[in-house]
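Participant: Generate coordinates for the sequence data below:
(2 chains)
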Protein chains: 2
Amino acid sequence: MSEPTLLVLSADPPPRLGALTGRARVRWADEDSLAAELPSADVLLVWDFTSEAVRRAWPGDGPRPGWVHTPSAGVDRLLCPELAASATVVTNARGIFERPIAEYVAALVLAMAKDLPRTLDRQREHRWHHRETRPVEGTRAVVVGAGPIGREIAAVLRALGVTCAVTGRTARRGVHGEEDLDPLVARADWVVCAAPLTESTRGMFDARRLALMQPSARFVNVGRGPLVVAADLAAALRDRVIEAAALDVFESEPLTPDSPLWDVPGLIVSPHMSGDTVGWRDRLGEQFVAMYELWAAGKPLPNVVDKKRGYVPMHDHSPD
Amino acid sequence: MSEPTLLVLSADPPPRLGALTGRARVRWADEDSLAAELPSADVLLVWDFTSEAVRRAWPGDGPRPGWVHTPSAGVDRLLCPELAASATVVTNARGIFERPIAEYVAALVLAMAKDLPRTLDRQREHRWHHRETRPVEGTRAVVVGAGPIGREIAAVLRALGVTCAVTGRTARRGVHGEEDLDPLVARADWVVCAAPLTESTRGMFDARRLALMQPSARFVNVGRGPLVVAADLAAALRDRVIEAAALDVFESEPLTPDSPLWDVPGLIVSPHMSGDTVGWRDRLGEQFVAMYELWAAGKPLPNVVDKKRGYVPMHDHSPD
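Facilitator: Next up is the predicted model:
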């Protein structure tokens, strides 16, 4: 039997793939050649996970890979109706980004509580300006998104003494349903968005929902840009509807230099880096190699995305 | 019996002291009038705890108060040899600043791990600049200072998954002695200084000790400015001996606009605010009132400073 064909969508070779030498015939595609290469691939590794090329190329003619892996948590850039309806298994990088993102959220929460951005502004001005800061222990957060990332964010915030509610699509043990979201947002000191981007979550933080927040509350988005109506958030900050916010993700990335978001008062803008700690590409490569070995041995794959829901479902008996 | 005389060194009335109406004859002093008022005072409340006026006025003639309270953690600005040698009881504000300072240190550690200052710089430049950040979980810290503030810092860092050693003057349960400091500093990712300022700790972080640190390590001082030789720290940062640092305290405060420290690369300068969360003055006033009630009832005072050592000693059986 010949080696399976592994098609990699990437400009540069991912780390660790050398481990598959002799066990996979590796072919490379870029956004332009992807459509032509797809029919001959058994497995597609979407190493360039920010690309939307798969969504464009997938509906074409010919056979399709039986397994598609994306080394990211979200699969929103990948899924098209044809892929969702197919028998192809889609997997994600669950397990890699949870802790880094949770620490990043904790960094933003603490920095906002302790007014660090203003401290750095005053430092540039050589100005000694003593202020009172906020406690973090004893405050209340709502984390929107009950997947492993949302749960890890809640765990880290709880370790800092924050009372933390987690919301998902439906209520289950330890998770509030959608119907609790508005009242939780209204009571929270911190609203942290870590939801998957699906048709039902797109634009969920709009002017109406932001207006429910306390004037002293702060908003953080580490999920996907389109979860938030950015213009509504900018208006809420300019009008002091809420005090501060931090965005790590945007509708269109990279954010262009002429975006008005860079200059919104009270807004921290960061370049979609919350999950990317030193060595993250190595860990993603190792994870794929381990999953490839399971696949080649005919064993079940972990991290299988529910293509109708648009994320890897959590189960109450899950160890996460 | 007439009411005791409570002398308050302060330009403005502290909050909560109204609770002592009828139980204390309150007199006010400023730095100039303090010497003349001291002989008639039973109790001295050094509300303006940044003042060094007590140290100057204390050695004068006449009777002295039997109790001096400072609403701060450190007593370095207060103690002079004459006060140290006297029968006067000195108390501090133990219990108020621990958690705020520990959260502030966590904010600095996370901000440095996640490269937040550079993110804010890039935001001002409208520049999307993705970088890899550092994990915090699994890193190593040494907290210098085994009092309640140092211990709370260690507790909060441990809650974030940091392996944390605490050093004090002498080894005891859970605390390393001075002899372990250098090897711990050499292995640490984070060196956090929260020691009291005494003759034996002054200048403890000089060029020699900073040079022991790993090039990737970061230094934080929330204790007192003179614990660190600031010129040595600035040189260590400019020469990339260490990667980054944060100072909340300085030899002379407020830092003047012409201080070279404002512009040291990789240094975060903040205006001695780590312990000052909203309501801190109220809490300090309430704490003094509660202590005054004990004193007036002839009961033992908590938070009594060991005037020879220069801090409130910790005991292994202490609940802290």
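Participant: For the stretch 1-150 of chain A, just list every one of the strands.
Facilitator: Listed in chain order, the strands of the stretch 1-150 of chain A (DSSP state E, counting those that start in this stretch) span A:5-9, A:25-29, A:43-45, A:67-69, A:89-91, A:140-144.
Participant: which one of those lies closest to chain B?
Facilitator: For the strands of the stretch 1-150 of chain A, the distance to chain B is smallest for strand A:140-144, at 14.6 Å, taking Cβ to the nearest Cβ. In this view, the C-beta of every residue, glycine as well, is placed from N, C-alpha and C.
Participant: strands paired with the closest one, and their directions?
Facilitator: Within its sheet, strand A:140-144 is paired with strand A:163-167 (parallel), strand A:190-193 (parallel), according to DSSP bridges.
Participant: which of those sits most buried?
Facilitator: Mean neighbour count (mean count of other Cβ atoms under 10 Å in any protein chain shown) peaks for strand A:190-193 among the strands paired with strand A:140-144, with a mean of 26.
Participant: that older thread, got CSV for the strands of the stretch 1-150 of chain A, with mean neighbour count and mean pLDDT too?
Facilitator: Shown next, in CSV, are the strands of the stretch 1-150 of chain A (neighbours: other Cβ atoms under 10 Å in any protein chain shown; pLDDT from 0 to 100):
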stretch, mean neighbour count, mean pLDDT
strand A:5-9, 23, 98
strand A:25-29, 17, 96
strand A:43-45, 26, 98
strand A:67-69, 25, 98
strand A:89-91, 21, 97
strand A:140-144, 26, 98
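Participant: Format those strands as CSV; extra columns: distance to A:R202.
Facilitator: Output for the strands of the stretch 1-150 of chain A, formatted as CSV (distance: least, Cβ to Cβ, whole Å):
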stretch, distance to A:R202
strand A:5-9, 25
strand A:25-29, 29
strand A:43-45, 25
strand A:67-69, 22
strand A:89-91, 19
strand A:140-144, 13
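Participant: just to revisit the earlier point, how about the strands paired with strand A:140-144 in JSON lines, adding mean pLDDT?
Facilitator: Below are the strands paired with strand A:140-144 laid out as JSON lines (pLDDT from 0 to 100):
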{"stretch": "strand A:163-167", "mean pLDDT": "98"}
{"stretch": "strand A:190-193", "mean pLDDT": "98"}
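Participant: Minimum distance to A:L20: which of those has it?
Facilitator: A:L20 lies closest, by Cβ to Cβ, to one member of these: strand A:190-193, at 36.5 Å.
Participant: Contacts for the closest one, please.
Facilitator: A:105, A:109, A:139-145, A:150, A:153, A:157, A:162, A:185, A:204-205, A:213, A:217-223, A:227-228 (Cβ atoms under 8 Å, 6 or more residues apart in numbering or on different chains).
Participant: Repeat that for stretch A:24-40.
Facilitator: Contacts to stretch A:24-40, defined as Cβ under 8 Å, 6+ apart, come from residues A:2-11, A:13, A:17, A:20, A:41, A:43-44, A:51, A:53-54, A:56-58, A:60-65, A:292, A:296.
Participant: ok, back up a step: can you say which of the strands of the stretch 1-150 of chain A is nearest to A:K307?
Facilitator: Closest to A:K307 of these, according to Cβ to Cβ: strand A:89-91, at 5.9 Å.
Participant: tell me what the closest one is packed against?
Facilitator: Applying 3 or more Cβ pairs under 8 Å, 6 or more residues apart in numbering or on different chains; DSSP states H and E, one finds that strand A:89-91 contacts strand A:67-69.
Participant: The strand it packs on pairs with which strands?
Facilitator: For strand A:67-69, the paired strands and their directions (DSSP bridges) read strand A:43-45 (parallel), strand A:89-91 (parallel).
Participant: how close does the residue most central in space within chain A sit to B:A188?
Facilitator: Nearest to the mean C-alpha position of chain A, by Cα atoms, centre = their mean, lies A:G223 at 4.1 Å. Noted for A:G223: a distance of 34 Å to B:A188, by Cβ to Cβ, to the nearest Å.
Participant: picking up where we left off before, narrow the contacts of stretch A:24-40 to those that are buried.
Facilitator: Buried members of those, counted by 16 or more other Cβ atoms under 10 Å in any protein chain shown: A:4-10, A:17, A:20, A:41, A:43-44, A:51, A:53-54, A:57-58, A:64-65, A:292, A:296.
Participant: what separates A:R208 from A:D182, distance-wise?
Facilitator: The gap separating A:R208 from A:D182 is 9 Å, by Cβ to Cβ.
Participant: Oops, could you answer that again for A:T5 instead?
Facilitator: Taking Cβ to Cβ as the measure, A:T5 falls 49 Å from A:D182.
Participant: Then A:W67?
Facilitator: Using Cβ to Cβ, we find A:W67 at a distance of 40 Å from A:D182.
Participant: same thing with A:G22?
Facilitator: A:G22 is 56 Å from A:D182, by Cβ to Cβ.
Participant: So if I had to pick from the two, which one is more boxed in?
Facilitator: Remark: of A:G22 and A:D182, A:D182 carries more neighbours, 12 against 7, as counted by other Cβ atoms under 10 Å in any protein chain shown.
Participant: For whichever strand or helix holds that one, what is the distance to the chain centroid?
Facilitator: Assessed by DSSP states H and E, A:D182 sits inside helix A:181-187. What separates the centre of helix A:181-187 from the centre of its chain is 22 Å, taken as Cα atoms, centre = their mean, to the nearest Å.
Participant: For that helix, name the packing helices and strands.
Facilitator: On a contact count with 3+ Cβ pairs under 8 Å, 6+ apart, helix A:181-187 meets strand A:140-144, strand A:163-167, helix A:207-210.
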